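In: Next come a sequence and a model predicted from it.
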Amino acid sequence: MRQGDKVSKKKQALQELFEICQQRNDWYFDNDEVKRVCAKYGFGNPFDVTKVDTTDGLPDNIRKQGYCVIHLGKGKHAFIREMQKWYHLFEDIEQPEVIQWRYRKSLLNDLDTGEASVLSFVYNQHILHDFLYEDVVASPKIYVPGRTRAELEYWVGGTLVQAPEQQMEMDLTLEYQGTVTVLEAKSRFMKDFAVYQLFHPVKFYLQQASKNNIPITNINACYVLRQSRRVSGQTYPETKVRLYLYCFDDPCRIDSLRLVRKAEYHLYRR
């Protein structure tokens, strides 16, 4: 199956779920309903339908009406009219924020292009150390949490979200000198992102710190975007990495996201 076909079927399934909810005037739906609609369109991964990481993944009709998909835990979801608060535009990179970075390619650098590979690359090349800690010899501790669950309650715009046993996936967590940083990565540049990808893990660690009396001094979140492309006349692909460090001013509001700093690294092989 071509990538374009897969995206198209996902959008078709999402559009039909939206129309079903609109017709019955009930914006809540569950995984059983998602599976039935996905089967109709031959979309083989129903659990992926409700994961819309960027507004480009929303069908035009849903985007134009300002709706987004939220997760409510226990296999339940809902459409809410808070798209502007649910997604965040990546800020433009200014010229002084561009950093030239020479590196030596390691053996396993380009074997995979997934999110884990992006994070491995920026960690192994000490780009994360430079960006997060302004110290290339810093020694943060690494945690790979994978999937976990939490009881979540928070506001997005004027909507209260209550999500018991909310499952979440975390790409990577770093701990250094009392600061915990959760990381999310994509292997392409995007115009915006769904803030819950950062907010849910931050809420999880806030709860764990309170519950277990862990002396965490700060919890923030970093989004990493890596893009590689072939350039005529160049032996190696041109690789650029954008990093955005955010915090949440109000742990009860997903729309309290605030940019701390940003940078773009242009990489050149030695």
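Out: Nice, I can see it. Numbering: from 1, shown residues only.
In: so what does the helix or strand containing L17 touch, helix or strand wise?
Out: Taking DSSP states H and E as the definition, L17 sits inside helix 3-24. When contacts are defined as 3 or more C-beta pairs under 8 Å, 6 or more residues apart in numbering; DSSP states H and E, helix 3-24 sits against strand 28-30, helix 31-41, helix 46-49, helix 60-64, strand 76-80. Quick note: C-beta positions are derived from backbone N, CA and C, even for glycine.
In: 10 Å instead?
Out: Other helices and strands packing on helix 3-24, by 3 or more C-beta pairs under 10 Å, 6 or more residues apart in numbering; DSSP states H and E, are strand 28-30, helix 31-41, helix 46-49, helix 60-64, strand 68-73, strand 76-80.
In: Give me the phi and psi for Q177.
Out: phi 50, psi 50 (degrees, to the nearest 10).
In: that older thread, among the helices and strands packed on helix 3-24, which is nearest W101?
Out: Closest approach to W101 among these is made by helix 46-49 (33.5 Å; C-beta to C-beta).
In: what does the closest one rub up against?
Out: Helix 46-49 is contacted by residues 6, 9-14, 17, 31-39, 41, 43, 57, 69, 75, 77 when judged by C-beta atoms under 10 Å, 6 or more residues apart in numbering.
In: Any of those buried? List them.
Out: Listed as buried from those are 9-14, 17, 31, 33-34, 37-38, 41, 43, 57, 69, 75, 77; burial here means 16 or more other C-beta atoms under 10 Å.
In: Quick check: the gap between the closest residue in space to V34 that isn't next to it in sequence and V69.
Out: Ranked by C-beta to C-beta, 6 or more residues apart in numbering and with sequence neighbours excluded, the top spatial neighbour of V34 is P46, at 4.8 Å. According to C-beta to C-beta, to the nearest Å, P46 and V69 sit 13 Å apart.
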